[in-house]
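A.B. asks: What follows is a predicted protein model with its sequence.
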Amino acid sequence: MADARHILGPTAGREARVGGAGQAPGPRFSFEFFPAASPLAEERFWRALKDLEAFDPAYVSITYGAGGTTQERTIRAVERVLNESDLVPAAHLTCVGASRAEIDALAERYWAAGVRRIVALRGDPPKDSKDFRPHPQGYAFAADLVAGLRRVADFDISVAAYPEVHPEALSAQADLDNLKRKLDAGAQRAITQFFFDPDDYLRFLDRARAAGITAPIIPGILPIVNFQRTLQIAKDCKAAVPAWLVRLFEGLEENAEVRNPVAVSVAAELCRYLVLHGVEEFHIYTLNRADLTAAVCRLLLSDAAGRDQVDAARPLAVGGLR
């Protein structure tokens, strides 16, 4: 998978370790966080960030609320990650609620601070609005935002992809065409919405490749922290929740001792299936918790280490070293 090892500047040393010769074999990770809304939440956010640093993520992305509602918190979180850790921050930027000049100015601020990665999104409309309405002087779509960021600086840009089709897309083909426009505008990769059927992702990947999309499409993985909340998010973004998953979490809302291991197992098995089909990189939606994400990463890295040991021993099993 592609990464930004060529980038120079304040984050160059951090980027250089991604995919470098010293990196341990096995799957690669990136993690998503949301900016904390209170001092206590910020403490939990920072603790989770530090706990997951051990998995050497390619980057950690910080989300941007609907309508830009968390803008200042997002900026503070991104700059703190940059200045107080060895992690590579990726700042979310959306088209919502700001003019081109305002978005460009924020991008320039990020670049001057040393931020080199951006997750560029159209964004969700504010909670009091049903439909997305572009700012009169703003970027109308994510592809426009990507092109604008390209004019500001040489950012490493990720965009969103939807294995089960964006809820506002006219068709699956229209959604795929939009993804291609974003990548053609200058994005380096796409990160998918979460999904629970790995074949949905694999079929989408096949369609994307058939459409001439060659950029990496990283699967987004959501360990389930709260199942009822997950159902609501899935409904909003039209992500399918299989009946077997509903049965699996039934009655576990107040039983974290059982629910958490089940959540880890579901996420790990999803990733394992994808690994068997050649997937090497995962973007994990942490919900600002380290425990479930860390458990999933440990299992996948343990799988990889076990495979390496089997491969190393194979010559002996078939007649010794030659």
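C.D. replies: Received it, and whenever you're ready, just let me know what you need. Numbering: from 1, shown residues only.

A.B. asks: which stretches of the stretch 1-150 of the chain have low pLDDT?
C.D. replies: 1-25, 65-69, 125-135 (pLDDT under 70).

A.B. asks: just the strands in it please.
C.D. replies: 28-33, 60-62, 89-94, 117-121 (DSSP state E, counting those that start in this stretch).

A.B. asks: Take stretch 37-44, keep the C-alpha atoms, and write them as CSV.
C.D. replies: Only the C-alpha atoms of stretch 37-44 are listed here, as CSV (Å, rounded to 0.1, in the frame of the first residue of the first chain):
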residue,chain,number,x,y,z
ALA,A,37,-15.3,17.6,24.6
SER,A,38,-14.3,17.8,28.2
PRO,A,39,-11.1,17.7,30.3
LEU,A,40,-12.0,14.2,31.5
ALA,A,41,-12.7,13.0,28.0
GLU,A,42,-9.4,14.6,26.8
GLU,A,43,-7.5,12.6,29.5
ARG,A,44,-9.1,9.4,28.2
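
A.B. asks: quick revisit: with distance to V81 and mean neighbour count as new columns, can the strands of the stretch 1-150 of the chain be given to me in a markdown table?
C.D. replies: Every residue, glycine included, has its C-beta placed from N, CA and C. Output for the strands of the stretch 1-150 of the chain, formatted as a markdown table (distance: least, CB to CB, whole Å; neighbours: other CB atoms under 10 Å):
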| stretch | distance to V81 | mean neighbour count |
| --- | --- | --- |
| strand 28-33 | 9 | 23 |
| strand 60-62 | 6 | 26 |
| strand 89-94 | 4 | 26 |
| strand 117-121 | 11 | 26 |
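
A.B. asks: show me the contacts for A91.
C.D. replies: The contact partners of A91, by CB atoms under 8 Å, 6 or more residues apart in numbering, come to 61-62, 64, 74-75, 78, 110, 115, 117-119.

A.B. asks: Recalculate using a threshold of 10 Å.
C.D. replies: Listed by CB atoms under 10 Å, 6 or more residues apart in numbering, the contact set of A91 reads 61-64, 74-75, 77-79, 81-82, 106-107, 109-110, 113, 115-120, 155.
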